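Visitor: coords please:
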Amino acid sequence: MYDVIILGTGPAGYTAALYTSRAFLKTLMFSGPELGGQLTTTTDVENYPGFEKGIQGPEMMEIFKGQVERFGTEIILETITRVDFNQQPFKVFTGDKEYQAKSVIIATGATAKYLGLPSEQKFMGKGVSACATCDGFFFKGKEVVVVGGGDTAMEEATFLTRFATKVTVIHRRNEFRASPIMYKRAKDNPKIEMLTNKVVEEVLGDTSVTGVRIKDIVSGQVEELPIKGFFVAIGHEPNTKFLNGQIDLDEKGYITVKNNPVLEAQTETSVPGIFAAGDCVDPRYRQAIVAAGQGCEAALDVQHYLDETS
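Guide: A predicted model of the protein is given here:
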């Protein structure tokens, strides 16, 4: 029996574990499919406080891991396949193996949607990114591409004009799905060019991105654009499918949290004792520092919950 089980080992999960284990709560973490979460696919991290010269994403996550283990957090390198939150104690399962806890923090994050090109995966962190806020700075004075047609693509493209000399938005349809105001803001920016009815066939380069090959789906014409950055902005998918029917999710699958005035908790889900933090809750910011802050909140909410229910 654990005091708290934490699902996910990104910044939200690790920060939660740091607080719960330092509060002498018996803490168990499950890594999920990727120990360290999305930051393990990131190269330079320069926007997280405390790392003056920046740090590699995987190295940063190793530091987080060592810090929570120092205080006694137990980490299991497995993925939760199902849960039972219908009664206390709460149960989580890895296959046929069952684990029980008095409380649970869900910090399973979200996964960026990609086009599925082998070349796209090849250059991940070497010119290919799904986060302009995270990586835009590295493309100062360079030309980049943004793939997508919704508000996210417009926001990413507009943000990238702070650094890039030119941003080309590539969309497979003739019309954009973005809201009129977001579309107009991007369209009116002199640094942004819009290309419609185009699909990406391949990301080009040797050791890093040097270009992209695109095809016009109407004429069939193929052309290559010389670029240094390739940003995919076609959405994220929260890693919450295993939770269906157990707690409330919104229409996109993100976990809904509420403000519990009795506990003064802001990370509690629809089930008392189950809390959530990070990108599985937050479709807007998707930043490591925000996830870490929410992880801290969830841990403090757990402490208060256990004090009130013990």
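Visitor: In this structure, what residue spans correspond to helices?
Guide: Applying DSSP state H to the chain gives helices spanning 11-22, 57-70, 118-122, 132-135, 151-160, 180-187, 288-309.
Visitor: If you count contacts, what does the fourth one end up packed against?
Guide: The elements that helix 132-135 packs onto, with contact taken as 3 or more CB pairs under 8 Å, 6 or more residues apart in numbering; DSSP states H and E, are helix 151-160, strand 229-232. For every residue, glycine as well, the C-beta is placed using N, CA and C.
Visitor: one step back: between the helices of the chain, which one is closest to residue 197.
Guide: The closest approach between residue 197 and any of the helices of the chain, judged by CB to CB, belongs to helix 151-160 at 15.3 Å.
Visitor: just to revisit the earlier point, with respect to burial, which of the helices of the chain scores highest?
Guide: Sort those by mean neighbour count, taking mean count of other CB atoms under 10 Å, and helix 11-22 sits at the top with a mean of 28.
Visitor: Quick one: work out the angle between that helix and helix 57-70.
Guide: Between helix 11-22 and helix 57-70, the angle comes out at 20 degrees (axes from the mean of the first three to the mean of the last three CA atoms, to 10 degrees).
Visitor: just checking, what packs against helix 11-22?
Guide: With 3+ CB pairs under 8 Å, 6+ apart as the test, helix 11-22 has strand 4-7, strand 27-30, helix 57-70, strand 104-106, helix 288-309 packed against it.
Visitor: how big is the angle separating the last one from helix 57-70?
Guide: Just to be clear, that refers to helix 288-309. Going by the same axes, to 10 degrees, helix 288-309 makes 20 degrees with helix 57-70.
Visitor: Just the C-alpha atoms of helix 288-309, please, in CSV.
Guide: The C-alpha coordinates for helix 288-309 follow below in CSV (Å, rounded to 0.1, in the frame of the first residue of the first chain):
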residue,chain,number,x,y,z
ALA,A,288,8.1,22.2,-18.6
ILE,A,289,8.1,24.9,-16.0
VAL,A,290,4.3,25.1,-16.0
ALA,A,291,4.1,21.3,-15.6
ALA,A,292,6.5,21.3,-12.8
GLY,A,293,4.5,24.0,-11.0
GLN,A,294,1.4,22.0,-11.4
GLY,A,295,3.2,18.9,-10.1
CYS,A,296,4.0,20.8,-7.0
GLU,A,297,0.4,21.9,-6.6
ALA,A,298,-0.8,18.3,-7.0
ALA,A,299,1.6,17.0,-4.4
LEU,A,300,0.6,19.7,-1.8
ASP,A,301,-3.1,18.9,-2.6
VAL,A,302,-2.4,15.2,-2.0
GLN,A,303,-0.7,16.0,1.4
HIS,A,304,-3.8,18.0,2.4
TYR,A,305,-6.1,15.3,1.2
LEU,A,306,-4.3,12.5,3.1
ASP,A,307,-4.2,14.7,6.3
GLU,A,308,-8.0,15.3,6.0
THR,A,309,-8.9,11.6,5.3
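Visitor: That helix packs against which elements?
Guide: Using 3+ CB pairs under 8 Å, 6+ apart, helix 288-309 is in contact with strand 4-7, helix 11-22, strand 104-106, strand 265-268, strand 274-276.
Visitor: now the ones you listed in a markdown table, with distance to residue 150 and mean pLDDT?
Guide: Formatted as a markdown table, the helices and strands packed on helix 288-309 follow (distance: least, CB to CB, whole Å; pLDDT from 0 to 100):
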| stretch | distance to residue 150 | mean pLDDT |
| --- | --- | --- |
| strand 4-7 | 29 | 98 |
| helix 11-22 | 25 | 97 |
| strand 104-106 | 26 | 98 |
| strand 265-268 | 28 | 91 |
| strand 274-276 | 25 | 98 |
